[in-house]
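[1] got a sequence here, can you model it:
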Amino acid sequence: MSDNAALTRHKAQANEPIAEASYTHSAPQAPVYSHAERKAKHALWRGRIGITLYLVLLLMPIYWLINMSFKTNTEILGGLSFFPHDFTLENYAKIFGDPTWYMGYVNSIIYVSMNMVISLLVALPAAYAFSRYKFVGDKHMFFWLLSNRMAPPAVFLLPFFQLYSSVGLFDTHIAVALAHCLFNVPLAVWILEGFMSGVPREIDETAYIDGYSFPKFFVRIFLPLIRSGIGVTAFFCFMFSWVELLLARTLTSVEAKPIGAIMTRTVSASGMDWGLLAAAGVLTIVPGILVIYFVRNHVAKGFALGRV
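    Numbering: from 1, shown residues only. Below is the predicted model:
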């Protein structure tokens, strides 16, 4: 029995280092990163933090505008709060219940749509000519078109006002649309010319050989090839015409007054109606969001191709 006990203890002592060694070997080890990997990891985290801060700073004014639109003036002036304590839809009810307010949005949408259509109809053939033909003074004419874009709208305010008052176009939607064309058409020609230059000339020659007339070729073959450029151009035309206020406010008075001019009505003898102004601002952002949503793929493709 003693021999068996001694043998058992000997086996146990012999197995102890092996068990300890196996336990030590199975323990997880911390990953070892090189200096370049640690540097890249830190750069990634700094980038994430920077993007997060940028998004917060970008979205904070929009959130604050929405927050104010659901408050009363008393709560807005009473102090700083991140959430409305007395939630109300009274500000939106005033806008949709007053024809003066909601017709401002209708007027803005009308002349912005007219401007987009006119700008595209004028810019498409002009951009095709600049991209396909070389003629004397083409570069100078192209630069002259872009130079109109460099001048502020206030420069053309007085000529437009006197001209439209003389021909009876004052306080009409077409007056604002035509005035905005002075700035949008050069931009549209510049953008479309870049997209059209990327289409091979062989497509034009092949279409002529196949018996296509120019209008038929332009509408059925050429325009689908540059639909991304048309989407990008429509987006930029909308963006300028929707936010421009100086010409739109000066060339209208009652019938075609835009929402930007009507928003100044919130100032009264009792003070500024902050809640109503915030609600009007929120509704003004909505059309821009819808346009961006529908043309987002075209805009992204335009930036990817380097045409914008």
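
[2] what comes up buried for stretch 131-144?
    For stretch 131-144, the neighbour count (16 or more other CB atoms under 10 Å) marks 131, 142 as buried. In short, each C-beta sits where N, CA and C put it, glycine included.

[3] start to end distance for that stretch?
    16 Å (CA to CA, to the nearest Å).

[4] so where's the stretch 201-308 of the chain shaky on pLDDT?
    265-271, 302-308 (pLDDT under 70).

[5] that one: strands as residue ranges?
    Under the criterion DSSP state E, counting those that start in this stretch, the stretch 201-308 of the chain carries strands at the ranges 267-268, 271-272.

[6] contacts for stretch 190-205?
    Stretch 190-205 has contacts (CB atoms under 8 Å, 6 or more residues apart in numbering) with 123-124, 127-128, 130-132, 142, 145-146, 217, 221-222, 225-226, 228-230, 232-233, 236, 302, 305, 307-308.

[7] average pLDDT for the helix or strand harbouring T74?
    Using DSSP states H and E, T74 sits in helix 73-78. Per-residue pLDDT over helix 73-78 has a mean of 82.

[8] pull the CA atoms of that helix into PDB?
    What follows is helix 73-78 as a C-alpha-only set of coordinates in PDB (Å, rounded to 0.1, in the frame of the first residue of the first chain):
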ATOM      1  CA  ASN A  73     -43.600  82.800 -27.700                       C
ATOM      2  CA  THR A  74     -43.900  82.800 -23.900                       C
ATOM      3  CA  GLU A  75     -41.800  79.600 -23.600                       C
ATOM      4  CA  ILE A  76     -39.300  80.700 -26.200                       C
ATOM      5  CA  LEU A  77     -38.600  84.000 -24.500                       C
ATOM      6  CA  GLY A  78     -38.800  82.400 -21.000                       C
END
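
[9] separation between the residue nearest in space to the middle of the chain and I49?
    Centroid-nearest residue in the chain, with CA atoms, centre = their mean: I292, separated by 5.3 Å. For I292, the distance to I49 equals 26 Å [CB to CB, to the nearest Å].
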